[in-house]
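Q: requesting a structural model of the entry that follows:
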Amino acid sequence: MANWNEISTIIRLVRALLKDRLRTDGRDSYIFQGDAHFTLSEDYPSSSTIKVFKNGTLLTSGYSYNSSTNIVTVTAILSTSDIILITYSFYDKYSDAELTDYIESSFVYFSQFGYRKIFKLNNDRTEILTIDGINPTVKECYEVAIISAITVDAENIEIRTKDFTVTATNKESKNELIQKALMQFTTWYGELTWEEDLRQDVN
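A: The predicted structure follows:
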């Protein structure tokens, strides 16, 4: 069962809303000439899918990946002219770090529109909590994903369910779409509490 408040789960939902699909055909090959640092050709790889082959043999250890630099470093013993093949899956549009920042920024809109709970990331930036340490509900996690997706790309977002619709148009700003999403949030999810006195002007 998914832990809905985990950032990895929210990122998966945001990617689905943004149609940022995982591609599985990442493949880079190199000839070792003394430098064991290999930059991947795709910008947004899924680090858990990276596999490194030395002369056709899979390395089960002896390498690391740095997401900040997008470089795989092979620490296993290499000889000149060894063939290094790296395979991986990747996303077309956004890195996990970028989406985590957007998710965190979405919390501001809940406060601005007067939602009673205040969300935050834990110290490791791996989970969403509230300021009293209680995990958000599944429904709240969905709404965080929706607001995050609008924040990322308000011009191309389209969410349609039986009871909930948010569609970008040329006449609506990002803030207007977020307001629509948050107002529908109360109807879609039922008895949710908003405090009008806490509401701030976001226009």
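
Q: contact partners for the residue sitting furthest away from the middle of the chain?
A: Within the chain, the residue lying farthest from the chain centre (C-alpha atoms, centre = their mean) is residue 80, at 38.7 Å. Residue 80 sits next to 32, 33, 34 when contact means C-beta atoms under 8 Å, 6 or more residues apart in numbering. In this view, the C-beta of every residue, glycine as well, is placed from N, C-alpha and C.

Q: mind running it again at 10 Å?
A: Residue 80 makes contact with 31, 32, 33, 34 under the criterion C-beta atoms under 10 Å, 6 or more residues apart in numbering.

Q: quick check: the last one vs residue 120, distance?
A: In this structure, residue 34 lies at 46 Å from residue 120, with C-beta to C-beta, to the nearest Å as the measure.

Q: just to revisit the earlier point, so can I have CSV of the contacts of residue 80 showing distance to residue 173?
A: Shown next, in CSV, are the contacts of residue 80 (distance: C-beta to C-beta, whole Å):
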residue, distance to residue 173
31, 51
32, 52
33, 52
34, 53
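
Q: follow-up on the earlier one: neighbour-wise, which of residue 34 and residue 120 wins?
A: Taking other C-beta atoms under 10 Å, residue 34 and residue 120 do not tie; residue 120 has more neighbours (13 against 6).

Q: quick check: that one is in a strand.
A: Yes. Counting by DSSP: H, G, I helix; E, B strand; the rest coil, one finds residue 120 located in a strand.

Q: is it true that it touches residue 129?
A: Yes. Counting by C-beta atoms under 10 Å, residue 120 does reach residue 129; the two are 5.8 Å apart.
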